[in-house]
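>>> Sharing a model that was predicted from the sequence below.
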Amino acid sequence: MPRLTPQPYKDLIRVFSKAGFTISRQQGSHIVMNRPRTDRPIVIPKYKEVGVSIIKSCLRTAGMDREEYFRLLVD
């Protein structure tokens, strides 16, 4: 399986949108995304390159595994 690498925030928004999340609001330089069956929102900073630790945290919150993440990233 490929390594997680830093990604532009727009790519992460696209991945989580494909997983059923929608943008609920934007506060400053952070985008908040929600999905009906998820308890906590995902917060994606508007960075040129979002770090691996933030991506891992978002995946945990979304209940998404790495395989699904890479599948959605490539599509």
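That came through fine. Residues are numbered from 1 along each chain as shown.
>>> When you work out contacts or count neighbours from here on, use the C-alpha atoms and nothing else.
Will do.
>>> L73 and G28: what is the separation?
Distance of L73 to G28, given as C-alpha to C-alpha, to the nearest Å: 25 Å.
>>> Show me which of these two is the more surrounded one.
Neighbours per residue (other C-alpha atoms under 10 Å) separate L73 from G28, with L73 holding more: 15 against 8.
>>> List the buried residues of the host helix or strand of the more buried one.
Element membership for L73, per DSSP states H and E: helix 66-74. Along helix 66-74, these residues count as buried under the neighbour rule (16 or more other C-alpha atoms under 10 Å): 69, 72.
>>> how long is stretch 10-27 from one end to the other?
Chord length of stretch 10-27, first to last residue, is 16 Å (C-alpha to C-alpha).
>>> for this protein, what spans make up the strands?
22-27, 30-34, 42-45 (DSSP state E).
>>> Mean neighbour count, these: which tops it?
Neighbour counts (mean count of other C-alpha atoms under 10 Å) averaged over each of the strands of the chain peak at strand 42-45, with a mean of 22.
>>> what's the average pLDDT for that one?
Here strand 42-45 scores 97 as its mean pLDDT.
>>> So what touches the helix holding L73?
With contacts defined as C-alpha atoms under 8 Å, 6 or more residues apart in numbering, helix 66-74 is touched by 1, 11-12, 14-15, 18-19, 59.
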